[in-house]
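In: A predicted structure for the sequence below; I have some questions about it.
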Amino acid sequence: MNAQSALAFRLFVYASLIFIVFLLLFQPAVSASDHKDLDDRLMDYLKEHEGTAAGAAVIVIREDDVNRKTIGFADQEKQIRVDEETVFEWGSISKILVWISVFQLAEAEKIDLNEDVARYLPPDFQSKESDDEPVTMTHLMNHTAGFDDSYTDLMVLDPPEKASLREVLEAADVRQVFPPGQIVAYSNYGTGLAAYIVEEVSGQDYREYVRTHIFEPLHMTKTAIDPEQDDHPWVKKQRRKIQGYTEERQLIEPNRYVIPIYPAGSVTGVAGDLQKLMQALLGEDGKPLFTKKETMDALFLPSLYYPGTDVPRIANGLFFLPSASGLTFGHGGNTLAFSSSIYMDRAEGTGVLVLTNMANETSLTLGIPELVFGRERPQGSDMTLQNASKWGGLYEPARVPRHGFSKFYGLLLRSKAEPAGAHGLTMNGLRYTQTEPGVFVTEDDFSAFALDVYSAGPEGENLLSSGVSDLLYIPWAQHVLQWAAVVLAGVAFLFSAGFLIFSLLKRKPGNPLLPVQHGLNVLAGLNIIWIVYKTASMTAYASIQPFLAANLLYVAGSVIISSLLLIRQKGKQGRMIRLLSVVTAAVLCSNIFYWEFYH
C-alpha cells in the first residue's frame with residue numbers, strides 16, 4: 001500500500017469512527033426527546049380525564065423506558081386512592097393466558113393447533129359441536145369455531161357452589177350455529193374450552209398450570225385466577241378495597257360478580273404484575289414463557305385477515321389495533337364494573353396497558369393506546385371504489401345468542417348502514433370513508449373500532465367484519481315482522497291490563513272466563529318482563545328456569561280457556577270481546593314460542 005492509499009484509508013477509518021460516535025451521542029438525545037414528548041402528552045391526557053375517571057392505572061413501555069401513572073380512587077366513598085397495591089379485574093385480557101398456555105403446549109408438541117380439538121377431550125365430554133367439520137385450536141383462537149353466546153351464567157352473584165371448568169362448559173347454554181372457519185363470533189365458551197384442553201393435555205388444573213408456567217417464571221406474585229380469588233387470599237382481601245363505577249362515576253352495587261367460565265375473564269391483580277407479562281411478550285427471545293424465540297414470534301403472526309384484504313385481524317387470540325406501524329396487537333377487557341386494555345408492538349418494543357374500575361370505559365382504555373401507537377393513515381388506492389349503496393342495510397352481531405329466549409336481545413343490537421355520498425357510509429352516527437373496495441374507515445371513533453370491512457358472506461349475503469365480531473345482514477322484511485310481533489305483544493298486554501281494570505270497576509258480572517284469560521295474559525307479560533330484567537342483571541340460568549316453565553303453563557291454560565271461549569260461548573252478546581280475548585292470548589303465545597321464552 002503506497003503512502004497516498006494509506007492516507008486515504010486512515011481518513012476513511014477516522015470518518016467512520018466520527019460517524020459512529022455521532023450516532024451514539026445523537027440518537028439517545030432524539031429518543032429521550034421523543035419519550036419526554038410522549039410523557040407530556042400522556043400526562044396532559046390523564047389530567048384531561050382525571051375529573052371524569054373513577055380510578056385507573058396506566059403503564060407505557062418504550063424499549064427500556066417504563067412510565068407508570070395512577071389517577072383517581074379505588075373507592076370514592078372511602079377516599080381510597082389508586083396505588084401500586086390496588087388490584088383490578090382484567091376481564092377478557094385473561095384470555096391471553098389461555099393462548100400463551102396453548103402455545104407452550106404446542107411448542108412441546110403436545111397440541112397441534114390445526115388438529116380436531118375432540119382429540120384432546122374425554123370421550124364422554126358433552127360437546128356443543130353440531131357441525132360435521134372439525135373445530136381446531138386455531139378456530140378457537142380466531143373465534144371462528146361457530147359458537148353462539150348466552151346472556152345467562154355470564155356473571156353470577158354469589159353462586160351456590162363452585163363448579164369445575166368441565167361442569168361449567170357442559171352446562172353452558174351455547175350451541176354451534178355456524179360452520180367452523182366461516183364467521184367470527186367472539187366466544188367466551190370457546191376460550192373456556194381451550195383452557196379445559198390445557199387441563200386435559202397438561203394433567204394440571206388450569207389455575208395451577210398458569211401459576212406454574214406463567215406466574216411463577218415471571219414473578220407475578222399478586223395476581224389471582226380463581227373466579228372468587230380463592231387461590232390468592234391477599235388479592236381477595238385487596239379486591240374488597242376497590243369498588244366499580246359507571247361512566248358517570250356512580251357506584252355499581254354489588255360489583256363483585258363471579259364469572260363461571262373463569263379462564264375467559266376472571267383474573268384479578270395489580271398493574272405491576274400485568275406489566276411483567278407485557279414485558280415478557282415484548283422480549284426478543286421468548287423467555288421465560290417459551291424456550292424458542294420462534295414460538296413467541298409465531299404467537300404474534302396474523303392467523304386471520306379481514307375478508308378479501310391483507311389487513312390483519314387476529315393473531316392467535318390477539319386482536320389487531322389499527323396503528324401507525326400496522327403491527328400492534330392486544331386485547332381489551334370488560335367485566336360488570338371494570339374495563340381494561342393491553343396492546344403491544346413488538347417491532348417497536350412498545351406496550352401499553354390500562355386498568356380502570358369503570359364499566360364500559362373507553363376514553364382511557366382505547367384513547368391511551370391510540371395516543372401512544374398513533375392512528376393508521378389509510379393510503380389512497382388506485383382500485384375503483386364500490387358504490388356504497390350495495391352495503392346499506394341492517395346488521396346484527398354474530399356473537400348474540402341464536403337459540404333460547406336470549407336471542408331476543410339481538411333485536412336490540414342491530415345497526416343500520418346508510419350510504420353517504422357515492423362511496424361513503426354512515427352507521428350509528430359515525431361517517432365512514434371507503435379507502436379501497438369494501439374497506440371503510442372512520443375518524444369519528446377510537447382506532448380500535450375505526451375499521452369496517454364489507455364482503456360477501458358464506459352464502460352470498462352481505463357480511464360486515466368489525467373488530468371482534470362479524471355482523472350479519474338482516475333483511476328489512478324480517479326486521480319489520482319481528483318488531484311487529486313484539487309491538488303486537490305489547491298491545492295485547494296493555495289491552496288485557498285495561499280489560500282487568502274495567503272489569504274491576506264494572507258492577508255487572510260478565511263471562512267469568514274473560515277476566516281469567518286476561519289475568520293470565522297480564523301475568524305472562526309481567527313474567528317475560530321479569531325474565532328480561534333478571535337476565536340483563538346477570539343471573540344464573542337455573543334461577544330463571546321456573547319462570548320459563550311458567551310460560552308453558554300459561555300457554556296450556558290459554559289454549560284451554562280460548563277453546564272454551566270459541567266453542568261454548570256461541571251467543572252474539574259479547575262476541576267481539578271474546579274474539580279479542582282469544583286474539584290477545586294467541587299473540588302472546590306466538591311470541592313466547594317464536595322468541596323461545598320457554599327454555
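Out: Sure, I can see it. Numbering: from 1, shown residues only.
In: neighbours around Asp124, how many?
Out: Around Asp124 there are 6 other residues, counting by other CB atoms under 10 Å. Using the backbone N, CA and C atoms, a C-beta is placed for each residue, glycine as well.
In: how close does it get to Leu193?
Out: 15 Å (CB to CB, to the nearest Å).
In: cool, Leu412 as well?
Out: Counting by CB to CB, the gap from Leu412 to Leu193 is 28 Å.
In: higher neighbour count, the two?
Out: Leu193 (30 against 8).
In: which SSE is that one in?
Out: Element membership for Leu193, per DSSP states H and E: helix 188-202.
In: over to Asp37?
Out: Applying DSSP H and E, one finds Asp37 within helix 3-50.
In: mean confidence for that helix?
Out: Average pLDDT, helix 3-50: 59.
In: next secondary structure after that helix?
Out: Following helix 3-50 toward the C-terminus (DSSP H and E): strand 55-62.
In: show me what contacts the residue nearest the centre of the chain?
Out: The chain has Tyr186 as the residue nearest its centroid, 6.3 Å off, counting by CA atoms, centre = their mean. By CB atoms under 8 Å, 6 or more residues apart in numbering, the residues touching Tyr186 are 143, 149, 399, 468-469.
In: residue contacts, the residue lying closest to it once chain neighbours are set aside?
Out: Spatial nearest neighbour of Tyr186, excluding adjacent residues (CB to CB, 6 or more residues apart in numbering): Val468 at 4.5 Å. Contact analysis of Val468 by CB under 8 Å, 6+ apart lists 143, 184, 186, 319, 399.
In: what about this structure, any weak spots by pLDDT?
Out: 1-36, 378-382, 507-510, 568-573 (pLDDT under 70).
In: ok, longest strand in it?
Out: strand 65-75 (DSSP state E).
In: tell me what angle that strand forms with strand 55-62.
Out: 170 degrees (axes from the mean of the first three to the mean of the last three CA atoms, to 10 degrees).
In: please, which helix or strand holds Leu500?
Out: helix 476-505.
In: cool, Tyr554 as well?
Out: Under the assignment here (DSSP H and E), Tyr554 is part of helix 541-567.
In: give the next helix or strand downstream of that helix.
Out: Counting by DSSP H and E, what follows helix 541-567 is helix 575-594.
In: could you check the angle helix 541-567 makes with that following helix?
Out: Using the same axes, to 10 degrees: helix 575-594 against helix 541-567 is 150 degrees.
In: and helix 575-594, what does it pack against?
Out: Contact here means 3 or more CB pairs under 8 Å, 6 or more residues apart in numbering; DSSP states H and E; on that basis helix 575-594 packs against helix 476-505, helix 513-536, helix 541-567.
In: residue ranges of the strands in the stretch 201-350 of the chain, please?
Out: 223-224, 268-270, 304-305, 312-315, 318-321, 328-334, 339-345, 350-356 (DSSP state E, counting those that start in this stretch).
In: quick one: strands adjacent to the fourth one?
Out: Take DSSP bridges as the rule and strand 312-315 pairs in its sheet with strand 304-305 (antiparallel), strand 318-321 (antiparallel).
In: put the alpha carbons of that strand into CSV.
Out: Extracted in CSV, the C-alpha atoms of strand 312-315 (Å, rounded to 0.1, in the frame of the first residue of the first chain):
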residue,chain,number,x,y,z
PRO,A,312,-54.5,-8.4,9.8
ARG,A,313,-57.4,-9.1,12.1
ILE,A,314,-56.4,-11.6,14.8
ALA,A,315,-53.0,-13.1,15.7
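In: ok, and what's touching it?
Out: By CB under 8 Å, 6+ apart, strand 312-315 touches 141-143, 184, 299-306, 319-320, 326, 329, 465.
In: and with 7 Å instead?
Out: Under the contact criterion CB atoms under 7 Å, 6 or more residues apart in numbering, strand 312-315 has outside partners 142, 300-306, 320, 329.
In: run a quick neighbour tally on the closest residue to Tyr594 other than its chain neighbours.
Out: Among residues not flanking Tyr594 along the chain, Ala485 sits closest, at 6.3 Å (CB to CB, 6+ apart). Neighbours of Ala485 under the rule other CB under 10 Å: 16.
In: Lys292 is nearest to which of the helices and strands packed on helix 575-594?
Out: helix 541-567 (43.1 Å; CB to CB).
In: excluding its backbone neighbours, what's nearest Tyr245?
Out: Ala54 (4.1 Å).
In: surely the one you found meets Leu355?
Out: No: counting by CB atoms under 7 Å, Leu355 is not a contact partner of Ala54; they are 11.6 Å apart.
In: okay, these two: which has more neighbours?
Out: Leu355 (31 against 28).
In: list the buried residues of stretch 467-487.
Out: Neighbour-count burial for stretch 467-487 flags 467-474, 479, 482, 485 (criterion: 16 or more other CB atoms under 10 Å).
In: mind checking the end-to-end distance for it?
Out: Criterion CA to CA, to the nearest Å; first-to-last residue distance in stretch 467-487 is 32 Å.
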